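J.: got a predicted model here, sequence first, then my questions.
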Amino acid sequence: MSAEPTRPVPHGPVRRGVHLADHTTLRLGGPAARFTTARDTGELVAAVTAADAAGDPLLVLGGGSNLVVADSGFPGTVVHADSRGVATEADDGERVRVRAGAGVEWDPFVARAVDEGLSGVEFLSGIPGRVGSTPIQNVGAYGQDVSETIVEVLVLDRRTGALRTLANADCGFGYRDSAFKGDDRHVVCEVVFELTRSRLSRPIRYAEVARALGASAGDRVPLAEARATVLELRRGKGMVLDPDDPDTRSAGSFFTNPVLGPDAYADFRKRAAERLGGGVEPPAHPGPDGSVKLSAAWLIDRAGFPKGYGRGPARISTKHTLALTNPGGATTADLLDLAREVRAGVAAAFGVTLVNEPVLVGAAL
């Protein structure tokens, strides 16, 4: 890793009282005390540095697709990362390194890679948000994670005020996790991906994708076909943003798929058999370390919370039990009440405690 001092540059004007509901995919969240937009890395660094120098609470906001913001809003400075820069850094004819600013929209970035014949992110099509959030959550879907292609992350170290380049191994990537998650020391400024020059996808790992493509696990298909199939699968679950579809007014999957150790998994199997009968086989994905990943969507449904289940004006998506939605008129408090009910119901039914995937700002479950 390397470090270099930051250079102060101006950042955008500061506005007051901007409603964060206008900047989140849930369309929830109260006003920000201060709100400014950063259109490149220099402005992002300047805005963050200024907020820190003033002792102001800080929220760096991208596409707002993974945020649940309190109805009271945010009492400090919100810096909206809205950069556009994408550049090829290296190309040896087989591997291509591409650097993207934190504010670059993710799905157009994926579309560009597919159009240019670069494989490695095609199964991550249709995911809302921006590049800067991808390493934080180790964003993944359909058997592909960004940690497989990220080689470097340029961050602002808020303790030292320096820009640092972190290699993949320094990022602490895990399932929907990283060294950045839950720790506000580093602000992601730019991400470097290493993609492969190929018109074929990476090998298919996800059974649902294989079925939709009429292929087998391990097969490779044309990039455009892989992208189109994933987009269609996501649309069917209300996971592609559509202003005319209230099911897409969500933060995506609200809970992560739980990963259990051998003893906890044995206890879960016993409880599931007692509740549902011995003939029911819960979906499970064994890991190389003896752990087992369960399906949160299956747990929610079998605990008595079907698609479309509502609590007040908030509801579970009519297309997918993992998404909690704001069809219109809900508040953050309403949504969190529903999340608590679902979490408690799954724990009572199966002894498994679900963990929220979105970041909660000024709120808690």
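T.: Arrived safely, thanks for sending.

J.: and the gap between Leu360 and Phe74?
T.: Look at Leu360 and Phe74: by CB to CB, to the nearest Å, they are 12 Å apart. Heads up, the C-betas are built off the backbone N, CA and C, glycines and all.

J.: more neighbours: those two, which one.
T.: Set Leu360 next to Phe74 and count neighbours by other CB atoms under 10 Å: Phe74 wins out with 23 against 16.

J.: and the nearest residue to that one once chain neighbours are set aside, what are its bridge partners?
T.: Leaving aside its sequence neighbours, Phe74 sits nearest to Ala32 (CB to CB, 6 or more residues apart in numbering; 4.8 Å). Here Ala32 shows beta-bridge partners Val18, Phe74, assigned using DSSP bridges.

J.: where does the stretch 1-150 of the chain dip in pLDDT?
T.: Low-confidence segments of the stretch 1-150 of the chain (pLDDT under 70): 1-11.

J.: residues in contact with Gly238?
T.: Shown in contact with Gly238 (CB atoms under 8 Å, 6 or more residues apart in numbering): Asp245, Asp247, Thr248, Ser250, Ser317, Thr318, Lys319, His320, Ala323, Thr325.

J.: hang on, the fourth one packs against Leu322?
T.: Translated: Ser250. No. Checked against CB atoms under 8 Å, the pair Ser250 and Leu322 is beyond contact range at 9.1 Å.

J.: surely Gly329 touches Arg315?
T.: No. Here Gly329 lies out of contact with Arg315, judged by CB under 8 Å, at a distance of 10.9 Å.

J.: out of the contacts of Gly238, name the ones that lie in helices.
T.: Among the contacts of Gly238, the subset assigned to helices under DSSP state H is empty.

J.: just those: which are in strands?
T.: Assigned to strands by DSSP state E, the following of these qualify: Thr325.

J.: would you mind giving the contacts of Gly238 as CSV with distance to Ile204 and pLDDT added?
T.: Converted to CSV, the contacts of Gly238 look like this (distance: CB to CB, whole Å; pLDDT from 0 to 100):
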residue, distance to Ile204, pLDDT
Asp245, 27, 94
Asp247, 26, 95
Thr248, 26, 95
Ser250, 26, 97
Ser317, 26, 97
Thr318, 28, 97
Lys319, 23, 96
His320, 21, 95
Ala323, 24, 97
Thr325, 29, 97
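
J.: out of the contacts of Gly238, who's nearest Leu26?
T.: Distance to Leu26 across the contacts of Gly238 (CB to CB) is lowest for Ser250, with 6.2 Å.

J.: give the contact list for that closest one.
T.: Contact analysis of Ser250 by CB under 8 Å, 6+ apart lists Thr25, Leu26, Gly238, Ser317, Ala323, Leu324, Thr325, Asn326.

J.: between those, which is nearest Val355?
T.: Scanning the contacts of Ser250 for proximity to Val355, where the rule is CB to CB, the winner is Leu324, at 13.9 Å.

J.: count the residues that sit near the closest one.
T.: So Leu324, with other CB under 10 Å, has 30 neighbours.

J.: same question, Ala87
T.: Here the number of neighbours of Ala87 (other CB under 10 Å) works out to 11.

J.: I'd say it and Val98 touch.
T.: Yes. Contact criterion CB under 8 Å: Ala87 and Val98 qualify, at 7.2 Å.

J.: strands of the stretch 101-250 of the chain, start to end?
T.: 118-119, 140-141, 144-145, 150-157, 162-167, 186-197 (DSSP state E, counting those that start in this stretch).

J.: who touches the third one?
T.: Looking back up the chat, that one is strand 144-145. Here strand 144-145 has contacts from Gly120, Val121, Glu122, Phe123, Leu124, Asn138, Val139, Phe173, Arg202, Arg205, using CB under 8 Å, 6+ apart.

J.: tell me the contacts of the closest residue to Lys307 other than its chain neighbours?
T.: Of all residues not flanking Lys307 in the chain, Thr318 sits nearest, at 5.2 Å (CB to CB, 6+ apart). With contacts defined as CB under 8 Å, 6+ apart, the neighbours of Thr318 are Gly238, Asp247, Lys307, Gly308.
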